[in-house]
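Colleague: Using only what follows, build the 3D model:
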Amino acid sequence: MPLNIPAIQVALRANGLDGWLLYDFHGSNQIASRLAGLSANGKMATRRWYYLIPAEGEPCGLVNAIERHNLDALPGPKQVYAGRQQLEAKLRTLVSGRRRLAMEYSPDCAIPCISRVDAGTVDLLRRFDIELASSGDLVQRFVASWDERALASHRKASERLHRIKDRAFDEAGGALQKRRGLTEYDLQQQMVGWFAEEGLVSDSAPIVAVQEHSGDPHYLPQAHSSRTIGADAVLLLDLWAKLDEPDAVFADITWMGYTGRMVPESVREAFGVITAARDQAIRIIEVGAREEQPLRGWEVDRATRDVIQRAGYGDWMLHRTGHSLGEVVHGDGVHLDDYETHDDRLLLPGTGLTIEPGVYSDSFGVRTEVNMYIGVREALVTGPRQAELVTIT
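Modeller: Numbering: from 1, shown residues only. Below is the predicted model:
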């Protein structure tokens, strides 16, 4: 994603910031690395580098002598350092005359996905009388946003994930009919193969969870301990992937099934609660986009959780409502979260996210997950939304 320096500078001035200081050491700040183009240029990046985008004027970089060409593609002059004394002196010069700079920093680590700058670097800059502010809103606008190509890649990935999900439910049904002992791990590995057939890549195999395992939100089956998919059991499928091509963004879905004709009332009721909560989140985001109302991640999570709590399932909730989607599945943009964190970033046009409320007990869990794209005065669910459990017989 090329750096839009003029647009960034307008945003800096509007937020009372003197600049945005990008910094990375050996891949510790992937947000900065992606913005600088280092994640994809094939160059070694093992030393500290800095790149200051000022609110006014020309950007300037600071790079190590053995990696002096790493920022050559970015506009502005670059200073070179070698030893630590040079680093400190030239960094002081780089930020001289600035008072308030944005970095990938979150006060009290309130939003961990933004908190990428180490405490020692924060100490050093404060010694230079720099006041640090979080770059969270800048990241939401200039890192987490999708272009038309990214949106198209997401839609294609979503379509393929839904095909794989349908095949998985069919495979489970066929195994039951033939009394073939299909395990969670067996089905998971088949789905991994289907990912490859569909031209998809992911950072993990999908979640295939039966009965009590569905009550563990991040359960992953293992070959030696996975459960057989038998009759009259809850089956949860959670799968996420993207196209195997540059700049593609993820899709991420969860669907629920039951391996019997009669879904128990306890399961049916819990699933009805989370689909109602999901639909509430969708409505809030749709209205906010249509009416151009400012809407923050924590507000959507709070409203979604209220539905679940009023239904008496408050103690069954274990996680936030949703997360940003990007080139990594848990993206750098706003999360729908007032539980694990307090994400006060705005939902902005051009971004994508998941909505995935779930409730979990020791005997079973249920989750529903859809993806949304926020456009200009509209917000779209980018795939089907599940209304009832898939019955598998």
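
Colleague: which regions of this structure lie under the pLDDT threshold?
Modeller: For the chain, the stretches flagged by pLDDT under 70 are 1, 40-41.

Colleague: For the lengthiest strand in it, which helices and strands make contact with it?
Modeller: When the chain is parsed with DSSP state E, its longest strand is strand 234-243. Contact analysis of strand 234-243 by 3 or more CB pairs under 8 Å, 6 or more residues apart in numbering; DSSP states H and E lists helix 148-177, strand 200-201, strand 207-210, strand 251-258, strand 365-367 as its packing neighbours. Quick note: C-beta positions are derived from backbone N, CA and C, even for glycine.

Colleague: Strand partners (parallel or antiparallel) of it?
Modeller: Strand pairing for strand 234-243, determined by DSSP bridges: strand 200-201 (antiparallel), strand 207-210 (antiparallel), strand 251-258 (antiparallel).

Colleague: how does the chain divide into domains?
Modeller: 5-142, 148-391 (automatic domain parsing).

Colleague: for those domains, which one ends up most surrounded?
Modeller: Scoring the domains of the chain by mean neighbour count under mean count of other CB atoms under 10 Å gives domain 148-391 as the most buried, with a mean of 19.

Colleague: Wait, a strand at Arg320?
Modeller: No - applying DSSP: H, G, I helix; E, B strand; the rest coil, one finds Arg320 to be coil, outside a strand.

Colleague: Name the surrounding residues that touch stretch 298-310.
Modeller: The contact list for stretch 298-310, computed with CB atoms under 8 Å, 6 or more residues apart in numbering, reads 273-274, 276-278, 280-281, 284-285, 314, 316-317, 320-322, 336-339, 342-344, 347, 355, 357, 359.

Colleague: Report the backbone C-alpha coordinates of that stretch in CSV.
Modeller: Written as CSV, here are the backbone C-alpha positions of stretch 298-310 (Å, rounded to 0.1, in the frame of the first residue of the first chain):
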residue,chain,number,x,y,z
TRP,A,298,-16.8,-0.5,21.5
GLU,A,299,-20.3,0.8,20.9
VAL,A,300,-21.2,-2.0,18.5
ASP,A,301,-19.8,-4.6,20.9
ARG,A,302,-21.7,-3.1,23.9
ALA,A,303,-25.0,-3.2,22.0
THR,A,304,-24.4,-6.8,20.8
ARG,A,305,-23.5,-8.0,24.3
ASP,A,306,-26.6,-6.3,25.7
VAL,A,307,-28.8,-8.6,23.6
ILE,A,308,-27.0,-11.7,24.9
GLN,A,309,-27.0,-10.5,28.5
ARG,A,310,-30.8,-9.7,28.4
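
Colleague: How far away from the center of its chain is it?
Modeller: Put simply, stretch 298-310 sits 20 Å off its chain's centre (CA atoms, centre = their mean, to the nearest Å).

Colleague: now the end-to-end length of stretch 49-59.
Modeller: 14 Å (CA to CA, to the nearest Å).

Colleague: any idea how far that stretch is from the chain center?
Modeller: Centroid separation for stretch 49-59 versus its chain: 27 Å, with CA atoms, centre = their mean.

Colleague: what's the answer for stretch 119-126, then?
Modeller: Remark: stretch 119-126 is offset 27 Å from the chain centroid, using CA atoms, centre = their mean.

Colleague: can you offset everything so residue one is 44?
Modeller: Right, with 44 as the first residue, what we last looked at is stretch 162-169.

Colleague: Can you give me the distance of the nearest residue to Asn414 once chain neighbours are set aside to Asp290?
Modeller: Spatial nearest neighbour of Asn414, chain neighbours left out: Thr425 (4.8 Å); criterion: CB to CB, 6 or more residues apart in numbering. Relative to Asp290, Thr425 is positioned 17 Å away (CB to CB, to the nearest Å).
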